[in-house]
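>>> The sequence and its predicted three-dimensional model are supplied below.
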Amino acid sequence: MEEKLTDQERARRDKLARYKELGVDPYGKKFVRSDSIKSVREKAAGKDNEQLEANPIYVTLAGRIMALRKMGKASFMNIKDVTGNIQCYVGIDVVGEEAYTVFKLADLGDIVGVYGRVMLTRTGELTVRVEKYTHLTKSLRPLPEKFHGLTDVEERYRHRYVDLIMNDDSMKIALARPRIIRAIQNYCDKLGFVEVETSILSPILGGASARPFITHHNTLDKDFYLRIATEINLKKCIVGGMEKVYEIGRLFRNEGMDTKHNPEFTTIELYQAYGNLQDMREFAENLFREVALKVVGSTTIPYGEKTLDLGKPFGWKTMVEVVKEATGVDFDKNVSYEEAVELAKKHGVKLEKHFNTVGHIINAFFDQKCDDLLQEPTFVYRYPIEVSPLTKKCEDNPLFTDRFELFIGGCEYGNAYSELNDPLDQKERFEKQLEAKKLGDEEASEMDEDFLEALEYGMPPCGGIGIGIDRLVMLMTNQQSIREVILFPCMRDSSK
């Protein structure tokens, strides 16, 4: 089947032969730059033309042509690299007729190299007066005139490479993400934590409650899960004596997609021997401040229409308190299962068939009714035991666990425990999860015999936390969709 080309695409392809006739490789070779566009602007900052002539600044740059104004024997173009955009003046009397002939073949989107002197135009625009022009790469497709806004959002994600070319904000986010991860690593390392890597393939579904992706290992002739959490292996590191460990890595959950969820996502999980939930609270609060200072420059950050102050103490509320504030229902009172079901019906709380305890219903109230109350940074703690299979029980009430989740702007950012290290209790919890799975809970954990054996060797009391890095990047870059902060997110097939 013959490829359908637009007139512009056909014209660009026709130019390939002309480049070769002129002895120019349409796809170039190594090109050595002396500067970035940002460094050129820094060198020329505050200088007028007299100063630039008295002490000339010569630079060698490379970038993509983003604007092009051909005018006979003298032309202007704007080129862009990862650091910025700058105007270039190309005159036949300076570069010579041969180079100018090559330049006349240029199109928007081509990648070129230039050598020349920095000057100011009559309007005061910083410009490179090109003395040597080098064609580097031909763009066979024209750049779109517009590639931003809600109408094109799916195409932006699907063709992220074009998005990065056209939208400075997308490039800023892409560059901010590794800076955020580096700030997290530096903070953890400073506290004495050791970064480790563990396997993505797991024979057991565990470490969280989620639907998995399943793959097949041909050599072992066995199905494996893509990990839904790094928790189990990191706890084995604690058993082995590593004491303070963390892992930043990809997790995979075969679930829905929305502005806050992507099937593959990145987290940091961290475990501290001889610690507890309060240590994780202190860690999380200080981590968010540290990252904000390093990346945003302040602990006061914009997010949507709000301004968040990460510098003040975060809120600290029990799940039952939050449910009471949102609905008026007080689960601190002695509520029977039958009464809880009736309260759920009254308040329009949807119940699943495996919700067979009051704890399940409390959690359903929280999940479905409380997000709007959790706009300011708030730790919600004391979760029902039914939804916390890897967490120590609260000493004053064994129906709840020593666990918190951190919420900001109605979205969950972190999940922390005083980790369960009693292998006999852990086995009972796994058995409860198996019962839930039989009742239809697809997210329930499986029995992990190897983990139980590890616990039997003895795991010290331990605090642990997981924080979603994609959501943290959203927060620090003021983005409302998770797909804005993932370079190449999972997408539905194009309807085109």
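Yes, it's here.
>>> Counting neighbours, what do you get for residue 309?
12 (other Cβ atoms under 10 Å). Just so you know, the C-beta spots here come from the backbone N, C-alpha and C atoms, and that holds for glycine as well.
>>> OK, contacts around residue 192?
Counting by Cβ atoms under 8 Å, 6 or more residues apart in numbering, residue 192 touches residue 244.
>>> Let me know the pLDDT of it.
At residue 192, the model reports a pLDDT of 98.
>>> so when I look at it, I'm seeing a strand, right?
No. Remark: residue 192 does not belong to a strand; assigned using DSSP: H, G, I helix; E, B strand; the rest coil, it is coil.
>>> oh, and call the first residue 583 from now on, that's how I've got it
Done: numbering now begins at 583, and the last item shifts to residue 774.
>>> Check the spacing between it and residue 855 real quick.
Counting by Cβ to Cβ, to the nearest Å, the gap from residue 774 to residue 855 is 11 Å.
>>> For this protein, name the helix or strand with the lowest mean pLDDT.
Lowest by mean pLDDT, DSSP states H and E among the helices and strands of the chain is helix 735-740, with a mean of 86.
>>> Which strands or helices does the helix or strand just after it pack on?
Following helix 735-740 in sequence order, the next helix or strand is helix 742-748 (DSSP states H and E). Packing partners of helix 742-748 (3 or more Cβ pairs under 8 Å, 6 or more residues apart in numbering; DSSP states H and E): helix 735-740, helix 750-772.
>>> Output the least confident helix or strand of the chain as CSV, restricted to C-alpha atoms.
What follows is helix 735-740, C-alpha atoms only, in CSV (Å, rounded to 0.1, in the frame of the first residue of the first chain):
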residue,chain,number,x,y,z
VAL,A,735,-4.5,16.7,24.5
GLU,A,736,-4.8,13.1,23.4
GLU,A,737,-2.5,13.7,20.4
ARG,A,738,0.0,15.5,22.6
TYR,A,739,0.3,12.4,24.8
ARG,A,740,0.4,10.1,21.8
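>>> where do the contact lists of residue 774 and residue 855 overlap?
Applying Cβ under 8 Å, 6+ apart, one finds that residue 774 and residue 855 are jointly contacted by residue 826.
>>> I figured residue 1052 was touching residue 844, is that so?
Yes. At 6.8 Å, residue 1052 and residue 844 qualify as touching, with contact defined as Cβ atoms under 8 Å.
>>> circling back: the least confident helix or strand of the chain: how far from the chain's middle?
Chain-centre distance of helix 735-740: 16 Å, with Cα atoms, centre = their mean, to the nearest Å.
>>> Please point out which parts of that helix sit buried.
Residues of helix 735-740 classed as buried by neighbour count (16 or more other Cβ atoms under 10 Å): 737-740.
>>> try stretch 903-923
Within stretch 903-923, the residues that count as buried by 16+ other Cβ under 10 Å are 903-906, 908-909, 911, 913, 917, 922.
>>> hmm, back to that, residues in contact with both of residue 1052 and residue 844, list them for me.
Contact criterion Cβ under 8 Å, 6+ apart; residues shared by residue 1052 and residue 844: 1064, 1068.
>>> Dump the buried residues of helix 735-740 into CSV; add distance to residue 886 as well.
Shown next, in CSV, are the buried residues of helix 735-740 (distance: Cβ to Cβ, whole Å):
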residue, distance to residue 886
737, 24
738, 19
739, 20
740, 25
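>>> Out of the residues you listed, the closest to residue 1007 would be?
Closest to residue 1007 out of the buried residues of helix 735-740 is residue 739 (44.3 Å), distances taken as Cβ to Cβ.
>>> isn't that closest one right next to residue 1074, touching?
No. Counting by Cβ under 8 Å, residue 739 does not reach residue 1074; the two are 10.2 Å apart.
>>> Worst mean pLDDT among the helices and strands packed on helix 742-748?
Here the lowest mean pLDDT among these goes to helix 735-740, at a mean of 86.
>>> Show me what that one packs onto, helices and strands only.
If contacts are counted by 3+ Cβ pairs under 8 Å, 6+ apart, helix 735-740 sits against helix 742-748.
>>> Show me the contact partners of the helix it packs on.
For helix 742-748, contacts defined as Cβ under 8 Å, 6+ apart pick out 646, 662, 691, 725-726, 729-730, 738-739, 752-753, 756, 1069-1070.
>>> ok, now with 7 Å
With Cβ atoms under 7 Å, 6 or more residues apart in numbering as the test, helix 742-748 has contacts from 646, 725-726, 729-730, 738, 752-753, 756, 1069-1070.
>>> Filter those down to the buried ones.
For the contacts of helix 742-748, buried by 16+ other Cβ under 10 Å: 646, 725, 729, 738, 752-753, 756.
>>> What ranges does the stretch 933-1078 of the chain have for its strands?
Under the criterion DSSP state E, counting those that start in this stretch, strands of the stretch 933-1078 of the chain are mapped to 960-966, 975-976, 979-990, 993-1000, 1044-1050.
>>> Low-confidence stretches in the chain?
583-584, 728-734, 1077-1078 (pLDDT under 70).
>>> can we see that at 50?
The chain contains residues with pLDDT under 50 at 583, 732.
>>> Which residue of it lies farthest from its centroid?
Within the chain, the residue lying farthest from the chain centre (Cα atoms, centre = their mean) is residue 675, at 49.2 Å.
>>> That one: which element?
helix 674-677.
>>> Could you name the helices and strands sitting against that helix?
strand 708-719 (3 or more Cβ pairs under 7 Å, 6 or more residues apart in numbering; DSSP states H and E).
>>> List the buried residues of the strand it packs on.
Neighbour-count burial for strand 708-719 [16+ other Cβ under 10 Å]: 708-713, 715-719.
>>> Let me know the closest of the residues you listed to residue 872.
Taking these together and measuring to residue 872 by Cβ to Cβ, the closest member is residue 708, at 36.0 Å.
>>> I'd guessed that closest one sits against residue 623; true?
Yes. Here residue 708 reaches residue 623: they are 6.4 Å apart, a contact under Cβ atoms under 7 Å.
>>> And this structure, what are its domain boundaries?
When the chain is parsed with automatic domain parsing, its domains come out as 589-719, 746-896+958-1066.
>>> any chance of those in TSV, plus distance to residue 931?
Output for those, formatted as TSV (distance: least, Cβ to Cβ, whole Å):
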stretch	distance to residue 931
domain 589-719	49
domain 746-896+958-1066	14
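>>> Most tightly packed of those domains?
Mean neighbour count, computed with mean count of other Cβ atoms under 10 Å, is highest for domain 746-896+958-1066 among these, reaching a mean of 18.
>>> which ones are touching residue 1037?
Per Cβ under 7 Å, 6+ apart, neighbours of residue 1037: 1003, 1005, 1008.
>>> same thing but 6 Å
By Cβ atoms under 6 Å, 6 or more residues apart in numbering, the residues touching residue 1037 are 1005, 1008.
>>> how much space between it and residue 600?
71 Å.
>>> Please apply the same query to residue 636.
In this view, residue 636 and residue 600 are 41 Å apart by Cβ to Cβ.
>>> Once you drop chain neighbours, what's closest to residue 695?
Counting by Cβ to Cβ, 6 or more residues apart in numbering, residue 716 is the residue found nearest to residue 695 once chain neighbours are left out, at 3.8 Å.
>>> Test my guess that the one you found contacts residue 693.
No. With contact defined as Cβ atoms under 6 Å, residue 716 does not reach residue 693; the gap is 9.9 Å.
>>> hmm, back to that, now distance to residue 605 too, for the helices and strands packed on helix 742-748, in JSON lines please.
Shown next, in JSON lines, are the helices and strands packed on helix 742-748 (distance: least, Cβ to Cβ, whole Å):
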{"stretch": "helix 735-740", "distance to residue 605": "38"}
{"stretch": "helix 750-772", "distance to residue 605": "34"}
